[in-house]
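S.K.: have a look; sequence and predicted model below, questions after that.
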Amino acid sequence: MFLDEAKINIKAGNGGNGIVTFFKLQSGRKKIPSGGSGGKGGDVIIKATGDLSTLYGFKKNIHFKAENGKNGESNNRNGRDGEDLIIKVPVGTIIKDRKGDIVADLDSPGNKIIIAEGGIGGRGNSSFISSKRRFPAFAEIGEKTEDFWINLELRLIADVSLVGFPNCGKSTIISRISKARPKIADYPFTTLTPNLGVVAVNEDDFVVTDVPGLIKGAHEGIGLGDKFLRHITRSMILAVVLDGQRIIDEREDIIETFDILREEIRLYNDGVYKKDYVILINKIDLITDIERLNKIKKVLESRSGKSVFLISAITGKGLDKLIWYLYEKVVRYRKKFSKDKDIESKKQQMTKVYSMDKANLDIEKIEIEKNNDEYTVKNKKLERMVAMTDLENEEALDYLKHRLKKIGIADRLKKMGVSEGSTVIIGRLVFLLIE
């Protein structure tokens, strides 16, 4: 079953906790800190694969959680890192955050994104030995991660997209020129999901997609048109299919139909509107007035500046010529695309790997929220520092104070307008700002 949208919940693994242990020498008089550090939590990675063609696998399976890092152990043994979780999606999947902004476009096999990074492991007490702190009796808590939702949106990757009103014969065309076998019937909206077909040409081939029928207002979502239109955004060429049967009916204007289709595409996406296209008048086997048919063909050629093909998907008339025309166009665009991609790959020289913008760990970027005499400090690095501190351990708390003093947090806050004696909140830490 085809599904081109999904919403999933993601959570990276928590970092493992560091531990407090001591190694006692045989004399029993001397102890040496030997607590190991916790392992890093597993990342959540989304990777594009050519083995999938739909997001249907996410219809019921929507929660994804990477493995937590293991806690540290005695004798300076560090905990094992959590295993990364790899989520496979079809090539052509776009990932959006909860605001609807595009995070990544996985348009080639192997493209991947680290969508959530695992928490760092807490350090064991052996990591805090110094000349002034010979026997530290505290360790860090592993970094905890939060879950969040992302949206997956599949945009099919095809060389040519067939677009047209319902019942104009798109499904029949794709069934005749490829091995695709879409549902075909003599009523509108037979096709409710896009179909992909591979068209063989000698030893080569190209991919055609049959997009479900559009109607007036499709760009606004009428008839689910906006959901269907997204599948033509990646195509090199559009094939605008017109129903030749409309020529027989004096009450319907095939030229007007063409104008409506072009306008719907323009209103949906100007970039798609500017794509190269060809016009197909289908069902010519039903037309007896050849003179009128040729006249309409000339009007469309003049109006669009594009090639117009007279075809019959039922009898196969005109399809061979159409296939070769589309193939030659596809080959030209592939060469251009390949050249552009070579230039890009020389800059990159690696598989495209996206990474979510890392949390703001720059100590210079501090935000303050004031509520009466309380000031809440917003800075990911400081919040992480506090979150990984065992605030119940007096020695750990002293170490945290030492770190905050070392980076000059008090002076920074005063310069930002926080008065002495005010209550300051950083994560779980609440303190008074004093000298």
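M.R.: Arrived safely.
S.K.: count of neighbours near Glu328?
M.R.: The local packing of Glu328 (other CB atoms under 10 Å) involves 11 other residues. Any C-beta I mention is one placed from the backbone N, CA and C, and that applies to glycine too.
S.K.: what's it sitting at in phi/psi?
M.R.: Main-chain torsions, Glu328, degrees, to the nearest 10: phi -60, psi -40.
S.K.: start the count at 594 instead of 1 going forward.
M.R.: Renumbered: residue one is now 594, and that last one reads Glu921.
S.K.: what about His995, which SS state?
M.R.: The three-state label given to His995 by DSSP: H, G, I helix; E, B strand; the rest coil is helix.
S.K.: and it, what is it in contact with?
M.R.: Contacts for His995 (CB atoms under 8 Å, 6 or more residues apart in numbering) come out as none.
S.K.: model confidence for it, exactly?
M.R.: pLDDT, His995: 91.
S.K.: how far away is it from Ile639?
M.R.: 40 Å (CB to CB, to the nearest Å).
S.K.: what of Val794?
M.R.: For Val794, the distance to Ile639 equals 34 Å [CB to CB].
S.K.: neighbour-wise, which of these two wins?
M.R.: Set Val794 next to Ile639 and count neighbours by other CB under 10 Å: Ile639 wins out with 26 against 14.
S.K.: helix or strand next in line after the host helix or strand of Val696, which one?
M.R.: Here Val696, judged by DSSP states H and E, is contained in strand 695-699. Later in the chain than strand 695-699, the nearest helix or strand by DSSP H and E is strand 705-709.
S.K.: elements contacting that next one?
M.R.: Packed against strand 705-709 by the contact rule (3 or more CB pairs under 8 Å, 6 or more residues apart in numbering; DSSP states H and E) you find strand 598-604, strand 637-642, strand 695-699, strand 946-948.
S.K.: quick one: the first one to strand 705-709, angle?
M.R.: In this structure, strand 598-604 runs at an angle of 60 degrees to strand 705-709, with axes from the mean of the first three to the mean of the last three CA atoms, to 10 degrees as the basis.
S.K.: partner strands of strand 598-604, with direction?
M.R.: Strand pairing for strand 598-604, determined by DSSP bridges: strand 656-658 (parallel), strand 741-747 (antiparallel).
S.K.: check the offset of stretch 1007-1025 from the chain's centre.
M.R.: 39 Å (CA atoms, centre = their mean, to the nearest Å).
S.K.: nope, stretch 712-720 is what I meant
M.R.: Mean-position distance between stretch 712-720 and its chain equals 33 Å (CA atoms, centre = their mean).
S.K.: what average pLDDT does that stretch get?
M.R.: For stretch 712-720, mean pLDDT rounds to 95.
S.K.: and the end-to-end length of that stretch?
M.R.: One end of stretch 712-720 sits 18 Å from the other (CA to CA, to the nearest Å).
S.K.: now what about it, what contacts it?
M.R.: Identification of contacts with stretch 712-720 by CB under 8 Å, 6+ apart yields 605-615, 626-634, 662, 665, 669, 671-672, 674, 729-738, 981.
S.K.: what does stretch 659-674 give?
M.R.: Stretch 659-674 is touched from outside by 604-612, 614, 616, 627-637, 675-678, 709, 711-712, 714-715, 717, 719, 732, 735, with contacts defined as CB under 8 Å, 6+ apart.
S.K.: now the buried members of those residues.
M.R.: The neighbour-count criterion (16 or more other CB atoms under 10 Å) marks 604-612, 614, 627-637, 675, 677-678, 709, 711-712, 714-715, 717, 719, 732, 735 among these as buried.
S.K.: would you map the strands across the stretch 694-843 of the chain?
M.R.: In the stretch 694-843 of the chain, the strands defined using DSSP state E, counting those that start in this stretch lie at 695-699, 705-709, 741-747, 753-757, 788-794, 797-803, 830-836.
S.K.: which other residues reach the third one?
M.R.: Contacts of strand 741-747 from elsewhere in the structure, counted by CB under 8 Å, 6+ apart, are 596-604, 647-648, 651, 682-683, 685-691, 693, 696, 708-709, 823.
S.K.: in PyMOL, select just the buried ones from these.
M.R.: Under the burial definition 16+ other CB under 10 Å, those of the contacts of strand 741-747 that qualify are selected in PyMOL by:
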select buried, resi 597+599+601+603+604+647+648+651+682+683+685+686+687+688+696+708+709+823
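S.K.: just give the nearest non-adjacent residue to Gly609, would you?
M.R.: Among residues not flanking Gly609 along the chain, Gly631 sits closest, at 2.7 Å (CB to CB, 6 or more residues apart in numbering).
S.K.: how about Asp882?
M.R.: Using CB to CB, 6+ apart, the closest residue to Asp882 is Ile840 (7.3 Å).
S.K.: let me know the distance separating the one you found from Thr614.
M.R.: Relative to Thr614, Ile840 is positioned 87 Å away (CB to CB).
S.K.: likewise Lys640?
M.R.: As judged by CB to CB, Lys640 and Thr614 stand 39 Å apart.
S.K.: and if you look at Arg859?
M.R.: Relative to Thr614, Arg859 is positioned 69 Å away (CB to CB).
S.K.: now Ala605
M.R.: Distance, Ala605 to Thr614, by CB to CB: 27 Å.
S.K.: so, low pLDDT: which residues of this structure?
M.R.: 594-595, 619-623, 773-786, 806-821, 843-844, 931-957, 1028 (pLDDT under 70).
S.K.: tell me the most buried of the strands paired with strand 598-604?
M.R.: Scoring the strands paired with strand 598-604 by mean neighbour count under mean count of other CB atoms under 10 Å gives strand 741-747 as the most buried, with a mean of 18.
S.K.: centre of the chain versus it, how much separation?
M.R.: Offset of strand 741-747 from its chain centre (CA atoms, centre = their mean): 7 Å.
S.K.: could I have it exported to CSV, CA atoms only?
M.R.: C-alpha atoms of strand 741-747 as CSV (Å, rounded to 0.1, in the frame of the first residue of the first chain):
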residue,chain,number,x,y,z
PHE,A,741,10.6,15.0,19.4
TRP,A,742,8.4,14.6,16.4
ILE,A,743,9.4,14.9,12.7
ASN,A,744,7.4,14.7,9.5
LEU,A,745,8.4,12.5,6.6
GLU,A,746,7.2,13.4,3.1
LEU,A,747,7.9,11.3,0.0
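S.K.: show me what contacts Gly632?
M.R.: Gly632 is in contact with 608-609, 662-664, 671-675, 714, counting by CB under 8 Å, 6+ apart.
S.K.: and those, which is closest to Asn972?
M.R.: The nearest member of the contacts of Gly632 to Asn972, counting by CB to CB, is Gly608 at 19.1 Å.
S.K.: where's the closest one, which helix or strand?
M.R.: Using DSSP H and E, Gly608 sits in no helix or strand.
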